[in-house]
Each structure stands twice: as structure tokens, then as C-alpha cells.
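Novice: this one's structure only:
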């Protein structure tokens, strides 16, 4: 089920409860804009969608620190998942930071730097 169907426009307590229904959630890739940034109206709070995913039980989350350009984001997502699934073994969420780092290097010739460094990894 897509996350937007689970949480809607805002991450609420009810939405977090819905996300926590997953059994043993391991990994989430949030490629929309500003998924790892807090709200301007509450700058002293560290809660953002990526953090909410972790509080809901996801062990590893990739999010974005600012706006992403649709013309480039698909390169990052494709490179990330290519790295994640390149071996014959089951993908390992504990290597998500490594997959993200490799994806950034893989797309250096086609994606501007501000669209490569927008993605961050949090968690295991």
C-alpha cells in the first residue's frame, strides 16, 4: 500500500499507528520533496516524515532535505534500487546507506550536485 494512502497529507498520530501495522518494516525510500525536514512553524522539533517512519518501526529510511527535481530524481531512485538488487542475495536494509552512497557516485555525470546530495539516510 502506498505511504500516501496510509498517511495522507500530514503525519498524524493515527497515520503513524497505520504505518506501525507493518510486520517488521525494514526500509522506506521517500523520494518526494522535503521528507527529512521539519516544519517551519515548529523549528525546535526534529519530527519529519522520515523520522516518523522510524518511530513507526522502519529500521532504515532515505529522505530528502529540500526540493527534488522530477527530471533527475528517477536517476537516483533507479541507481539506488539497481545497487540494492544487484546481487542474487536478498536485499539488506542495513546496507541502505552504502546503496545510497554508490547511487550518488553512479549518477555523477547526469545529475547536478544539488540533486545528488538532497538525499539522506537515517537509521540502521
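Specialist: Looks like it arrived, so ask away. Fair warning: this is a prediction, and the values are worked out from it, not measured in the lab.
Novice: which residues of the protein fall in helices?
Specialist: 3-7, 13-19, 49-55, 70-84, 96-106, 113-116 (DSSP state H).
Novice: Export these as CSV, with columns for mean pLDDT and distance to residue 64.
Specialist: C-beta here means a position set from N, CA and C on the backbone, and glycine is covered the same way. CSV is the format used below for these (pLDDT from 0 to 100; distance: least, Cβ to Cβ, whole Å):
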stretch, mean pLDDT, distance to residue 64
helix 3-7, 48, 14
helix 13-19, 60, 18
helix 49-55, 83, 8
helix 70-84, 92, 9
helix 96-106, 94, 11
helix 113-116, 90, 10
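Novice: Run a quick neighbour tally on residue 113.
Specialist: When neighbours are defined as other Cβ atoms under 10 Å, residue 113 has 9 of them.
Novice: Residue 107 versus that one, what's the distance?
Specialist: Applying Cβ to Cβ, to the nearest Å, the value for residue 113 to residue 107 is 11 Å.
Novice: With residue 47 instead?
Specialist: Using Cβ to Cβ, residue 47 is found at 30 Å from residue 107.
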